[in-house]
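*Asks:* sequence and computational prediction follow.
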Amino acid sequence: MIVIAILVAFLVLVNLAFAFRSQYIAFNSRFALESVPAPKVAPKISIIVPARNEAHQIEQCVRSLLAQDYPDLDVIVLDDCSEDRTAAIVARVAAEDPRLRLIHGEPLPEGWVGKPWALDQGARRADGDWLLFTDADTTHEPGALSAAFGYARAGNLDVLSVLTEQVMQTPAERIFLPSILWTIAFAIGSLKAINDPARESALFNGQYVLASRRAYAAIGGHEAVRGEIAEDLELARRFKRDGRFRTALVNGNGLVRVRMYCSFRELWQGFVKNFWVGARDQHVLAAIGVFLLACVSPLTPIVLIAALVLHASAFAVALAIAMCSAIAGAAPGMRRLGLGASSPLYLPIGISAVAAIFLTSIVRHACGGVSWRGRRYA
């Protein structure tokens, strides 16, 4: 009984620590875009969209970009050897608007990952003073680019990355995706820490990165991260280590939306691809983090069920209160990130999935690599 009491006490403490850190991150993550009038005079921004087999969503993306109220922009879609109608759709829209250009990508060279290669090709063809790298599954409100550039200019920033609003339609998306994204935020830290030049925490959201050409060129562009599966994370780290340029990550306030994955299978494969990469330089901390998350779930629910079966009501009540505290602690931050009002309720299931995804990611990378969009990377 003493061993069980110690285990329950430990699990209660872990859940309360999770709740406390979640509250801390939420309180220190209040950086967000605000809608502003479009500037009358502004530098040209070239928007670069990598596209590989995106026929089901590319038109919605490019039309939302062409509808921006920003006064001087062009859009470059880099078709990365698509096998569907992506290129034909973009060509049709480009015939209606000369600001849109379709570029047929070259075959993937040795040592490159697909997305950095596509972005590098697009950047080399762009002539804007600023470059916006955004994904083909994004949809942009008309004032999004003006708001982003206005925020960057007001803060004297060289690079601004924006956290997009997640569109979740299937039960798998609603149950698992918010918990996974919140766990990433939990591990990396608050936006205040990420945006502090003196702190090591660094993160960009590759779905939306607005960079001055000068800063982008100075750190070597995407060629500098050519072999990185999580190229946005490594780009952020390089800017932070360089120290010459001001960067920030902010909430998008619904101005940019994205549907990352359409099924549990896609979601699983996408995060298996990235998880180990994000923690590869901090093996011990990653192992400790996964262990503590596993204590929050599934271990706490399992021990709670066992306590109920054994009629250990005091233990069951303590664990139930601890679980509710963890859920309530994460709720403000998850709402702030636009992950849905009901998403904290799925945390016990979602965090269990995070632990499983992380372990799978370790095994896949250790056994020779991962596959993504028809390509395999070591």
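*Replies:* Here it is on my side, so go on. Residues are numbered from 1 along each chain as shown.
*Asks:* what packs against the longest helix along the chain?
*Replies:* Using DSSP state H, we find that the single longest helix of the chain is helix 2-27. With contacts defined as 3 or more CB pairs under 8 Å, 6 or more residues apart in numbering; DSSP states H and E, the packing partners of helix 2-27 are helix 171-188, helix 283-294, helix 300-309, helix 313-336. (C-beta placed from N, C-alpha, C; glycine too.)
*Asks:* packing partners of the first one?
*Replies:* Think helix 171-188. For helix 171-188, the packing partners by 3+ CB pairs under 8 Å, 6+ apart come out as helix 2-27, strand 165-166, helix 264-279, helix 313-336, helix 347-366.
*Asks:* middle-most residue in the chain, spatially?
*Replies:* With distances taken as CA atoms, centre = their mean, N205 lies nearest the centre of the chain, 4.6 Å away.
*Asks:* for that one, helix, strand, or coil?
*Replies:* Per DSSP: H, G, I helix; E, B strand; the rest coil, the secondary structure class of N205 is coil.
*Asks:* to Q269, which of the helices and strands packed on helix 2-27 lies closest?
*Replies:* Closest to Q269 of those, according to CB to CB: helix 171-188, at 12.6 Å.
*Asks:* what mean pLDDT does the following helix or strand past the closest one have?
*Replies:* Per DSSP states H and E, the first helix or strand lying C-terminal to helix 171-188 is helix 191-194. Throughout helix 191-194, pLDDT has a mean value of 96.
*Asks:* what about helix 191-194, distance to the chain center?
*Replies:* 15 Å (CA atoms, centre = their mean, to the nearest Å).
*Asks:* mind listing the strands the helix or strand just after that helix pairs with, and their directions?
*Replies:* Following helix 191-194 in sequence order, the next helix or strand is strand 208-212 (DSSP H and E). Strand pairing for strand 208-212, determined by DSSP bridges: strand 130-134 (antiparallel), strand 159-163 (antiparallel).
*Asks:* give the rounded mean pLDDT of the first one.
*Replies:* In other words, strand 130-134. Mean predicted confidence for strand 130-134 is 98.
*Asks:* which helices and strands does the helix or strand that it is followed by pack with?
*Replies:* Where DSSP H and E defines the elements, the next helix or strand beyond strand 130-134 is strand 138-140. Under the contact criterion of 3+ CB pairs under 8 Å, 6+ apart, strand 138-140 touches helix 58-66, strand 256-258.
*Asks:* ignoring the adjacent residues along the chain, who's closest to S212?
*Replies:* Among residues not flanking S212 along the chain, D158 sits closest, at 5.0 Å (CB to CB, 6 or more residues apart in numbering).
*Asks:* the one you found and A248, how far apart?
*Replies:* Shown here: D158 relative to A248, a distance of 9 Å by CB to CB, to the nearest Å.
*Asks:* overlap of the contact sets of these two?
*Replies:* With contacts defined as CB atoms under 8 Å, 6 or more residues apart in numbering, the residues shared by D158 and A248 are A152.
*Asks:* just checking, G111 touches V225?
*Replies:* No: in this structure G111 lies outside contact range of V225 using CB atoms under 8 Å: 11.6 Å.
*Asks:* neighbour count: these two, which is higher?
*Replies:* V225 (25 against 8; other CB atoms under 10 Å).
*Asks:* state the pLDDT value of that one.
*Replies:* 96.
*Asks:* the one 4 residues further on now?
*Replies:* Looking at I229, its pLDDT stands at 86.
*Asks:* please tell me I have it right and it contacts N274.
*Replies:* Yes: taking CB under 8 Å as the definition, I229 is a contact partner of N274 at 6.4 Å.
*Asks:* which residue ranges make up the domains of this protein?
*Replies:* Domains of the chain are assigned by automatic domain parsing as 2-28+271-377, 45-169+190-260.
*Asks:* what about G206, distance to G150?
*Replies:* Note on G206: its distance to G150, by CB to CB, is 22 Å.
*Asks:* now S179
*Replies:* Going from S179 to G150 by CB to CB gives 33 Å.
*Asks:* which SSE is immediately downstream of the host helix or strand of A217?
*Replies:* With elements taken from DSSP H and E, the one containing A217 is helix 213-218. Using DSSP H and E, the helix or strand that follows helix 213-218 in sequence is helix 231-242.
*Asks:* find the nearest non-adjacent residue to M323, please.
*Replies:* Taking CB to CB, 6+ apart as the measure, M323 lies nearest to T300, with 5.8 Å between them; neighbours along the chain are not counted.
*Asks:* would you mind saying which of the helices and strands packed on strand 138-140 lies nearest A144?
*Replies:* strand 256-258 (5.3 Å).
*Asks:* for the closest one, packing partners?
*Replies:* Looks like strand 256-258 contacts strand 138-140, strand 165-166 (3+ CB pairs under 8 Å, 6+ apart).
*Asks:* okay, the ones you listed, which one's buried deepest?
*Replies:* When these are scored by mean count of other CB atoms under 10 Å, the highest mean neighbour count falls to strand 138-140 (a mean of 23).
*Asks:* can you pull the buried residues of the helix or strand that that strand is followed by?
*Replies:* For strand 138-140, the following helix or strand on the C-terminal side (DSSP H and E) is helix 144-154. Within helix 144-154, the residues that count as buried by 16 or more other CB atoms under 10 Å are A144, L145, S146, A147, A148, F149, G150, Y151, A152.
*Asks:* equivalent analysis for stretch 200-217, please.
*Replies:* Buried, per 16+ other CB under 10 Å, within stretch 200-217: 201-213, 215-216.
*Asks:* so which strand or helix has the nearest residue to R101 once chain neighbours are set aside?
*Replies:* Nearest non-adjacent residue to R101, counting by CB to CB, 6+ apart: I76, 5.0 Å away. Element membership for I76 (DSSP H and E) is strand 73-79.
*Asks:* fine by me, we can end here.
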